[in-house]
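Participant: sequence and predicted structure, then a few things I'm wondering about:
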Amino acid sequence: MTGAILPEAGPTLSAQQYTKTAALLHWSIAVLILANLVMGFVCGWLELSFEDTIMNLHKVVGLLVLALSLLRLVWRLAHRPPALAYGGALQRKAAGAVHFALYALMMALPSSGWLITSSFPKRHPISVGLFDLPFLPVSASLPRAILAHGVHEVLSLAMLALVLGHILAALHHHFVLRDGLIARLRVGNGR
């Protein structure tokens, strides 16, 4: 028990916790998304001598986010998340909408980045150590690459806004409401 204040008539904290796999996927994806947002914005704002290295890492991390997000989606479809025993209907609907938007962005953002890389006439491979990741099966098209880049930037700003909102909501639950919400995603839980 984390010392969180839970509703007296509600289920125990352990009954409200996500599985270890869901928690591990959540925190891994969260760290990767934050790192990738920083790398993407840094490369977009600054001209660095090692920008190609950062951009390659940005692409690799993006595709890792895509893969882990697909795995998390499959896991979530196979393992129903624990019901939230507290909070109003509007709060639960808002949380559901934010989570849906985050899942959509976790798929669309890396996909648009992959489309950018695959569409540029002068392709730069996405290098992972000893091999390169494949490009999407599309022909080179500068107009498509430019359009995909614009979409990628808009999606990045949307992701940043949602992530910040998600973090602020979690902190509000933890420090103001003190309802044990964050404890539901402990990696070391018993399930």
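Facilitator: Now that the structure is in, tell me what you want to look at. This is a predicted model, so every value here is computed, not measured.
Participant: who are the packing partners of the strand or helix carrying residue 71?
Facilitator: Taking DSSP states H and E as the definition, one finds residue 71 inside helix 51-78. When contacts are defined as 3 or more Cβ pairs under 8 Å, 6 or more residues apart in numbering; DSSP states H and E, helix 51-78 sits against helix 20-45, helix 89-119, strand 126-128, strand 131-133. For glycine as for every other residue, the C-beta is placed from the backbone atoms N, C-alpha and C.
Participant: with respect to residue 145, which of these lies nearest?
Facilitator: Closest to residue 145 of the helices and strands packed on helix 51-78 is helix 89-119 (Cβ to Cβ; 3.8 Å).
Participant: for the record, mean pLDDT for the closest one?
Facilitator: Helix 89-119 carries an average pLDDT of 94.
Participant: list the buried ones in it?
Facilitator: Within helix 89-119, the residues scored as buried using 16 or more other Cβ atoms under 10 Å are 101-102, 105-106, 108-119.
Participant: low pLDDT regions in the protein?
Facilitator: Low-confidence segments of the chain (pLDDT under 70): 1-15, 48-49, 85-86, 189-191.
Participant: re earlier: nearest to residue 93, of the buried residues of helix 89-119?
Facilitator: Closest to residue 93, out of all of the buried residues of helix 89-119 and judged by Cβ to Cβ, is residue 101, at 12.7 Å.
Participant: identify the residue spatially nearest to that closest one, adjacent ones excluded.
Facilitator: Leaving aside its sequence neighbours, residue 101 sits nearest to residue 162 (Cβ to Cβ, 6 or more residues apart in numbering; 5.8 Å).
Participant: so that neighbour touches residue 105, yeah?
Facilitator: Yes: using Cβ atoms under 8 Å, residue 162 is in contact with residue 105, at 6.7 Å.
Participant: related to what we said a few turns ago, need the helices and strands packed on helix 51-78 in a markdown table with distance to residue 177, can you?
Facilitator: Shown next, in a markdown table, are the helices and strands packed on helix 51-78 (distance: least, Cβ to Cβ, whole Å):
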| stretch | distance to residue 177 |
| --- | --- |
| helix 20-45 | 20 |
| helix 89-119 | 10 |
| strand 126-128 | 42 |
| strand 131-133 | 43 |
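Participant: which among the ones you listed is found nearest to residue 149?
Facilitator: Nearest to residue 149 among these is helix 89-119 (5.2 Å), distances taken as Cβ to Cβ.
Participant: from the contact counts, what lies against the closest one?
Facilitator: Looks like helix 89-119 contacts helix 51-78, helix 142-171 (3+ Cβ pairs under 8 Å, 6+ apart).
Participant: in the shortest one, what counts as buried?
Facilitator: Spelled out, that is helix 51-78. 54-66, 68-69, 72, 75-76.
Participant: swap in the last one?
Facilitator: Counting neighbours by 16+ other Cβ under 10 Å, one finds that the buried residues in helix 142-171 are 144-145, 148-149, 151-152, 155-156, 158-160, 162-163, 166, 169.
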